[in-house]
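In: missing the sequence, but the structure's below:
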DNA sequence: GTCAGTCAAGACTAAAATGGTCGGAGATCT
DNA sequence: AGATCTCCGACCATTTTAGTCTTGACTGAC
């Protein structure tokens, strides 16, 4: 429940990676270098073609800029600070809302329950809180995190260092 | 995105309704009366059989008590205040987490990306916030809400009164 | 100009989650 | 005991998601 889709995961990973590269964190002598789909896919062990589709979507939403040809690839289109998690999720998965009835395009498909729906108002508050939370975090907030190492000793479960 | 499943919706509606009935809000002379699946389904215009399954699950998680036979039905098993939204969602949809890797049962199915996963820690913070939010709201908080009426005038979209 | 490497776009398949259905087991009342 | 009303749990259909494959267009280097 509440689980992010794989595509959303991949989008966040890719953006975070591009932000790190851009900052010079990964290759100090070459900030702002362009990265291509293959590099990101291999780095994170995710299927190339799927990631490609995700990056395409991000490009369509002006979060990254694409460059064709050899030595081509993608580049962040904005400051990491200006790309919120909420924006990314909406780009990948469409408008986010806890229930459909909060963002109906056409008014005629409204759910049958609506007039007896007793949970609409309280859930709306929940949704607003979550949306606010996701809007307050950006790609920048995902950088410079100490990587979480998992120690796989014999029979202990993953231990967080 | 972040959308609740129908089953989760139905569960919350049913619990809220049962809480209202129990409080005497709907039938002042008969608080604590037992309600059956059919009544809830008709009241909210939701498919009977599906709701039945949802209530079944809630019974398994000790949120409602079931009673068989004629005049049977369901009853809240706890105070509305003691049933949090988080508990309901977890009962219906399994443990909630933004990504799978936060609640692995067996350590061997861990995702391939884990050792290069750069978004794990920040997302964990997001997840904790959401979980806290959902844990802080109970069925009681969903009662006594002024129902949200939708006015369907000719060409205006739904207007909130 | 050719060629290799890159993004763009779509159709297609496979697998999983979700929504919805059915026949039967248990309890109550007459 | 029988009829009836209820919950229970296995079952099927549909939708969504994840992933693959193919084709095409653009760019830069040789």
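Out: Ah, there it is. The shown structure was predicted, so the numbers you read here are calculated from the model rather than taken from an experiment.
In: CA only for contacts and neighbour counts going forward, please
Out: Fine.
In: what residues of stretch A:69-85 count as buried?
Out: Neighbour counts over stretch A:69-85 (16 or more other Cα atoms under 10 Å in any protein chain shown) mark A:73-77, A:80, A:83-85 as buried.
In: nearest to chain B among those?
Out: Using Cα to the nearest Cα, residue A:85 comes nearest to chain B of the buried residues of stretch A:69-85, at 9.8 Å.
In: thought the closest one was touching residue A:139?
Out: Yes - contact criterion Cα atoms under 8 Å: residue A:85 and residue A:139 qualify, at 6.8 Å.
In: overlap in contacts of the two?
Out: residue A:12 (Cα atoms under 8 Å, 6 or more residues apart in numbering or on different chains).
In: which of the three states applies to the closest residue to residue A:37 other than its chain neighbours?
Out: Excluding the flanking residues, the one nearest residue A:37 by Cα to Cα, 6 or more residues apart in numbering or on different chains is residue A:52, at 6.1 Å. The assignment at residue A:52 comes out as helix when based on DSSP: H, G, I helix; E, B strand; the rest coil.
In: one more: the one 10 residues further on?
Out: Here residue A:62 is coil, with the state taken from three-state DSSP.
In: on that earlier part again, the residue nearest to residue A:37 contacts residue A:39, correct?
Out: No - here residue A:52 lies out of contact with residue A:39, judged by Cα under 8 Å, at a distance of 11.1 Å.
In: ok, those two, which is more surrounded?
Out: Neighbour tally, residue A:52 and residue A:39, criterion other Cα atoms under 10 Å in any protein chain shown: the higher count belongs to residue A:52, 18 against 13.
In: ok, that one to residue A:64 distance?
Out: 12 Å (Cα to Cα, to the nearest Å).
In: ditto for residue A:142
Out: Counting by Cα to Cα - residue A:142 and residue A:64 are separated by 17 Å.
In: give me the more crowded residue out of the two.
Out: Using other Cα under 10 Å as the criterion, residue A:142 and residue A:64 rank with residue A:142 on top: 24 against 20.
In: residues touching that one, list them.
Out: Neighbours of residue A:142 in contact, by Cα under 8 Å, 6+ apart: A:16, B:118-119, B:122.
In: ramachandran angles for it?
Out: The phi and psi values for residue A:142, taken as degrees, to the nearest 10, are phi -100, psi 0.
In: am I right that residue A:66 is in a helix?
Out: No - counting by three-state DSSP, residue A:66 is not part of a helix but strand.
In: where in chain A is pLDDT low?
Out: Applying pLDDT under 70 to chain A flags the ranges A:100-115, A:144-161.
In: neighbours of the closest residue to residue A:22 other than its chain neighbours, how many?
Out: In space, and not counting its chain neighbours, residue A:22 is closest to residue A:32: 4.3 Å by Cα to Cα, 6+ apart. Neighbour count for residue A:32, taken as other Cα under 10 Å: 17.
In: ok, residue A:29 next?
Out: 9.
In: give me the secondary structure label for it.
Out: Three-state assignment for residue A:29 (three-state DSSP): coil.
In: list the contacts for it?
Out: By Cα under 8 Å, 6+ apart, no residues touch residue A:29.
In: for the one 5 residues further on, same thing?
Out: By Cα under 8 Å, 6+ apart, residue A:34 lies in contact with A:71-75.
In: same thing with residue A:76?
Out: Counted by Cα under 8 Å, 6+ apart, residue A:76 has contacts A:15, A:18-19, A:63-65.
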